[in-house]
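**Student:** A structural model of the following input is requested.
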Amino acid sequence: MFSTHVYTGDPPPSGSTLPAPQHDIDDIKVEYHPSSGIPTKVYRFEDYGRGPGAPPAVPEADPIPWQPFRTRMDFEVAELAHDAGLSHEQLDRLIRLIHRSRIELFTLKNRKDVRDTWDAASFKMTPFTKEEVIVPFRGVDQTFSLFYRSLWDWVTDLLQDPQVGPNFVFDAQRLSKFNGENFVWFIHEPWTANAFWEYQSKIPSDAKPLAFILYANKAKLSSFGRAKGYPVVAHCANLPIGIRNGEGLGGGHIVKEDKQHPGKPAFVNFKNAVWHASFLKILDCLAPLSRLGSAIKCWDDIIRVFYPIVLILSADYEEQAVMALICGLMGKFPCPVCLVPRDELSNTLKVFPLRTCTENKALLARARECTTLAAREQIVSSQSLRDVDSSFGVLEHTDVHRALSHDKLHFNDEGLFSDHEWPELQKWVEHLGRQAAVQIDSFFQSIPRWGNLNHFDQVISVSFSDGTKYEDISKLIVFAAHTVFNHNTDPEAYLLLRCIRSYVEFNMYASLEVHTEDTINNGWDALSKLTGLMDNFPKKHLSAHFFDNIEAKGVSQNYSTKPNEKMHGPLKDAYQDRTNFKNFAEQILRYNHDSLIAEYIRNKLDHLDSQNLSISDDLEDQPDTALQETDNPDDTDIDSTEPTDAQHFSLGSKQAAMSFTLIEAGSLGDPAFERFRIKLNDFLNHVFAANSIPFPGGRRIQLVASNMIVEYRFLKVNFESLVDWRVSTDYLRCTPMFHGSPRYDCVVLQTDTGIIFGKLVLIFTCTVGDVQYPVMLVLPYDRPVGIRPRKDKDFQFWRVKRKPRASAEFFSVHSIVRGCMIVEDVSRPDEFLIVDTIDTDMFLRMQDIHSQ
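**Tutor:** Down below sits the predicted model:
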């Protein structure tokens with residue numbers, strides 16, 4: 001839904017009074033920063049992003065993008081060898097085989113020819129450079145190697161690229177959406193939040209902000225952690241998240257702890273000094289430009305003046321402490337953002353003074369005037385600072401404490417939950433005995449598989465190193481454990497479950513891809529529920545800054561460490577498979593640069609291929625492969641067919657046509673199929689009458705036993721997400737056998753009386769006249785529940801009750817809103833719970849239902 005460009009229009013005269021405009025629900029208002037010269041405009045929801053400011057037509061493709069490889073075949077063979085990590089001998093063997101049987105021109109001679117061509121192609125993107133970092137320790141200079149790309153040259157490459165360049169956003173925007181009464185502010189990308197707007201106000205009006213996101217963390221390269229690297233990853237915040245989260249290695253250096261001085265303050269300060277001296281080398285190219293700006297001729301031949309800023313720093317707590325040069329956990333003020341005393345960390349709602357770089361410099365200057373080390377230490381420790389110069393001080397308008405951002409992966413998934421709530425719950429389960437563990441594990445085994453949600457066979461006695469797995473466990477554990485702990489007999493464990501549920505609600509708000517004024521306020525409420533239930537520790541306190549981060553820098557995806565942590569694996573693989581373990585940094589980074597060049601050329605080739613494709617007859621002859629996208633890459637049973645409603649749903653896994661006689665004979669004993677044909681006739685007649693659809697031949701529908709229907713076992717449902725208003729997709733199954741087990745998914749249905757939930761029994765099409773109608777047999781979960789138990793309120797459960805199977809009903813497939821997950825409450829017969837945590841859209845839908 002979101003586009004980075006919108007229509008322009010004329011602003012009203014200053015101070016004039018105009019009649020109240022008429023707006024439609026979901027209209028989008030875009031207010032540009034005054035320096036942009038673009039006036040505020042309101043768009044219809046469906047027109048947003050289609051105006052004169054939209055990206056230009058796809059640029060002309062380079063006809064020979066593989067150069068300096070002599071032929072396309074040369075590049076694709078070299079690319080394959082690079083991706084596969086072929087040894088020198090294997091590469092030579094491959095080349096000899098290709099020469100023996102080739103159709104396209106192939107000119108590579110041997111591995112040396114391949115290496116020379118990769119080197120010749122290296123100029124296409126900014127290469128790595130090597131510098132020595134020298135920092136004294138106890139009177140002796142210590143030297144460290146630093147490999148890095150120039151940030152400015154790297155971003156210039158992007159600005160001049162005809163495919164990437166049009167996606168840049170240069171001006172801050174304030175967005176709002178009309179809800180029928182007023183416009184509600186919303187935030188997603190960094191340029192829609194406050195910090196980008198404020199920075200553009202500080203630079204000349206004819207200049208543009210160029211905002212960087214930097215991630216840094218140590219990475220173990222060898223299995224036993226003896227070889228370490230220090231990758232720094234750069235992203236440009238002016239690019240949409242879908243583009244900027246591509247991987248790019250910004251630099252790396254290694255610091256090894258001196259075994260003679262482990263943990264001593266002098267050596268800890270030395271390590272921090274090495275970190276900042278190294279980072280200063282990376283930032284040096286930006287320092288003068290942050291004060292004076294720099295002109296770049298962009299992809300569209302327009303010269304623009306840019307001022308760089310480090311807008312976002314993405315890191316775990318330990319790394320943030322180094323970036324902020326604070327003493328960390330042992331300090332009196334452990335937060336890198338504010339001056340909260342250590343003994344008040346649990347108070348996430350109280351506001352404390354914010355740290356600033358200006359105050360830090362003044363404090364260090366005063367400390368360095370002291371004549372004794374003790375006096376100096378007393379001053380810097382008054383704010384838990386380290387006596388080290390910050391590398392970020394060279395940048396105008398960059399404040400490290402404002403750039404540091406809440407990291408949901410380390411602070412929540414691998415912090416609040418994995419390090420605190422989860423171990424505590426495991427202890428309580430162990431205390432109850434093996435049967436409790438079996439019951440919880442059995443629940444996880446039995447729940448239906450769901451896209452983007454890990455499926456577990458066992459959780460209680462298993463330790464994980466992946467924060468995503470902990471996140472998925474947290475989403476489901478309350479649904480698994482609520483029957484294990486009773487509020488009367490296990491009050492402390494029950495309270496812990498309430499705490500976990502409060503945490504999950506906060507974490508779901510933290511995960512939203514778009515935030516509005518309302519969701520930010522609701523998120524604060526969720527955080528206040530969580531406050532006071534857990535002990536003091538910095539990662540809990542950092543949650544207090546989370547929603548401030550959103551207002552300043554956009555949603556949490558903008559500063560998540562998750563995309564960057566994924567590159568640790570390839571770095572380790574490169575160390576293990578592409579080096580001789582000596583001088584490995586150069587070898588890893590040469591491989592990294594080759595990968596970047598291969599990706600660059602591959603993108604150009606794909607663009608050329610797209611341009612050369614025929615878009616008329618060829619496209620019409622292609623099958624609808626969209627139906628084959630599933631939540632499981634192993635699926636092979638989906639037959640493409642013409643979708644019955646291309647924008648809302650598609651049917652797949654088509655079965656052979658069957659008569660009503662065969663269907664009813666094959667379902668003997670199943671109450672859902674009793675009087676199947678008769679009930680279907682009643683349903684169709686009611687639908688035709690209610691929707692004023694003409695009856696074929698003017699007569700009521702009377703399907704006979706010999707008439708045929710066609711069953712489908714796969715359903716792809718598109719729906720508009722309540723979170724970001726984009727189209728989201730659920731892949732649903734209705735089959736007696738899916739990877740060895742029956743699978744009948746559940747759905748949310750829109751009926752004349754409101755929303756209900758149900759379980760798919762059969763999906764099919766039947767022909768009335770000459771038209772095929774998509775119909776589904778569904779078992780509704782809409783019986784009255786009666787008195788709800790206390791835990792429904794404590795855990796925010798939405799309880800539903802299943803009808804008898806004989807009460808299965810027909811619905812049009814058009815009535816599906818989306819898929820859902822429903823789990824059984826084994827303590828109450830025929831009662832089930834809606835899992836509202838499968839994704840952010842489902843969470844907001846259920847919050848709306850609760851509020852109503």
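**Student:** can you give me the strands for the stretch 151-300 of the chain?
**Tutor:** Using DSSP state E, counting those that start in this stretch, the strands of the stretch 151-300 of the chain run over residues 173-178, 183-187, 207-216, 219-220, 228-229, 231-236, 249-253, 294-297.
**Student:** chain center to stretch 775-783, what's the gap?
**Tutor:** Centroid separation for stretch 775-783 versus its chain: 33 Å, with CA atoms, centre = their mean, to the nearest Å.
**Student:** right, I mislabeled it, should have said stretch 596-610
**Tutor:** 25 Å.
**Student:** Please identify the buried residues of that stretch?
**Tutor:** 596, 597, 598, 600, 601, 604, 605, 607, 608 (16 or more other CB atoms under 10 Å). For glycine as for every other residue, the C-beta is placed from the backbone atoms N, C-alpha and C.
**Student:** quick one on the thing from earlier: format the strands of the stretch 151-300 of the chain as JSON lines; extra columns: distance to residue 273.
**Tutor:** Converted to JSON lines, the strands of the stretch 151-300 of the chain look like this (distance: least, CB to CB, whole Å):
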{"stretch": "strand 173-178", "distance to residue 273": "40"}
{"stretch": "strand 183-187", "distance to residue 273": "37"}
{"stretch": "strand 207-216", "distance to residue 273": "15"}
{"stretch": "strand 219-220", "distance to residue 273": "21"}
{"stretch": "strand 228-229", "distance to residue 273": "18"}
{"stretch": "strand 231-236", "distance to residue 273": "17"}
{"stretch": "strand 249-253", "distance to residue 273": "13"}
{"stretch": "strand 294-297", "distance to residue 273": "29"}
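**Student:** Quick one: closest of those to residue 395.
**Tutor:** strand 207-216 (9.7 Å; CB to CB).
**Student:** how would you label residue 488: helix, strand or coil?
**Tutor:** The three-state label given to residue 488 by DSSP: H, G, I helix; E, B strand; the rest coil is coil.
**Student:** and it, how many neighbours does it have?
**Tutor:** Per other CB atoms under 10 Å, the neighbour tally for residue 488 reads 7.
**Student:** Low-confidence stretches in the stretch 601-750 of the chain?
**Tutor:** 614-646 (pLDDT under 70).
**Student:** The chain now?
**Tutor:** Residues of the chain that meet the cut-off, pLDDT under 70, sit at 1-21, 49-58, 101-102, 220-227, 246-265, 532-539, 614-646.
**Student:** about what we covered before: who wins for proximity to residue 356 among the strands of the stretch 151-300 of the chain?
**Tutor:** Nearest to residue 356, of the strands of the stretch 151-300 of the chain and by CB to CB, is strand 207-216 at 19.4 Å.
**Student:** Tabulate the CA atom coordinates of that closest one in CSV.
**Tutor:** Written as CSV, here are the backbone C-alpha positions of strand 207-216 (Å, rounded to 0.1, in the frame of the first residue of the first chain):
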residue,chain,number,x,y,z
ALA,A,207,19.6,20.5,0.8
LYS,A,208,18.3,17.0,1.5
PRO,A,209,18.9,14.7,4.5
LEU,A,210,20.9,11.5,3.9
ALA,A,211,20.3,9.3,6.9
PHE,A,212,22.3,6.2,7.8
ILE,A,213,21.4,3.2,9.9
LEU,A,214,24.4,1.5,11.4
TYR,A,215,24.6,-1.9,13.1
ALA,A,216,27.6,-3.3,14.9
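**Student:** what's the nearest residue to the residue nearest the centre of the chain if we skip its chain neighbours?
**Tutor:** The centre of the chain sits closest to residue 557, judged by CA atoms, centre = their mean, with a distance of 5.5 Å. Excluding the flanking residues, the one nearest residue 557 by CB to CB, 6 or more residues apart in numbering is residue 241, at 5.6 Å.
**Student:** Tell me who's in contact with that neighbour.
**Tutor:** By CB atoms under 8 Å, 6 or more residues apart in numbering, the residues touching residue 241 are 189, 557, 558.
**Student:** related to what we said a few turns ago, got the strands of the stretch 151-300 of the chain as a markdown table, with mean neighbour count columns?
**Tutor:** Formatted as a markdown table, these follow (neighbours: other CB atoms under 10 Å):
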| stretch | mean neighbour count |
| --- | --- |
| strand 173-178 | 19 |
| strand 183-187 | 19 |
| strand 207-216 | 25 |
| strand 219-220 | 16 |
| strand 228-229 | 20 |
| strand 231-236 | 23 |
| strand 249-253 | 24 |
| strand 294-297 | 14 |
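**Student:** Those: which one's closest to residue 765?
**Tutor:** When these are compared by CB to CB, strand 173-178 sits nearest residue 765, at 37.2 Å.
**Student:** got the angle for that closest one vs strand 183-187?
**Tutor:** In terms of direction (axes from the mean of the first three to the mean of the last three CA atoms, to 10 degrees), strand 173-178 departs from strand 183-187 by 130 degrees.
**Student:** which residues touch strand 173-178?
**Tutor:** With CB under 8 Å, 6+ apart, strand 173-178 has contacts from 23-33, 42, 183-188, 191-192, 197, 516, 725.
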